[in-house]
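S.K.: Predicted model and sequence below, questions to follow.
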Amino acid sequence: MQPAARRASVFAALSLALATLIGAAAAHVLKRRLELERYEVLQTALQYQWFHSLGLLALAPWLDRLALPLLRVAAWLLSAGIVLFSGSLYLLIAGAPALVGIATPVGGLALIAAWLLAALALLRAAR
């Protein structure tokens, strides 16, 4: 397995494990302790972490087969986007200063850019 594919796969697997752990804590402990609005933010963070981690895991075989710099950048942006988007929401729920919320839209933009770059890379590879 190519190093970029291995890094993406490991990050995605660890991210999915963390999302599972946080999701279990949310369902069994945090649901009773968080206000509804904060619980909904937690669910948003979990959904984004899950979907984009699965997407990164699905991208890993392409990273292994194709030596495409744009695809490697997309994988990096997905990883960064997951950390920035979901991570900032988790921190805000835990009581971090509101300034941490600046990272949320930056993470969202990284996720969008990642998928656009992945699409572009795969379109170019098809030619």
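M.R.: Okay, I see it. Residues are numbered from 1 along each chain as shown.
S.K.: Per-residue pLDDT of residue 119, please?
M.R.: Note on residue 119: pLDDT of 96.
S.K.: what about it, how many neighbours?
M.R.: Residue 119 sits with 12 neighbouring residues when counted by other C-beta atoms under 10 Å. Just so you know, the C-beta spots here come from the backbone N, C-alpha and C atoms, and that holds for glycine as well.
S.K.: how close does it sit to residue 125?
M.R.: Residue 119 sits 11 Å away from residue 125, going by C-beta to C-beta, to the nearest Å.
S.K.: Same check on residue 60?
M.R.: Note on residue 60: its distance to residue 125, by C-beta to C-beta, is 15 Å.
S.K.: neighbour count winner among the two?
M.R.: Taking residue 60 and residue 125 together and counting by other C-beta under 10 Å, residue 60 has the greater number of neighbours (22 against 14).
S.K.: For residue 73, which non-adjacent residue is closest in space?
M.R.: residue 117 (5.7 Å; C-beta to C-beta, 6 or more residues apart in numbering).
S.K.: my bad, should have said residue 18
M.R.: Among residues not flanking residue 18 along the chain, residue 49 sits closest, at 7.5 Å (C-beta to C-beta, 6+ apart).
S.K.: any idea where the helices of this protein begin and end?
M.R.: Applying DSSP state H to the chain gives helices spanning 3-25, 31-33, 36-65, 69-93, 103-126.
S.K.: mean pLDDT lowest for which of those helices?
M.R.: Ranked by mean pLDDT, these bottom out at helix 31-33, with a mean of 81.
S.K.: what's next to that one, contact-wise?
M.R.: Identification of contacts with helix 31-33 by C-beta atoms under 8 Å, 6 or more residues apart in numbering yields residue 39.
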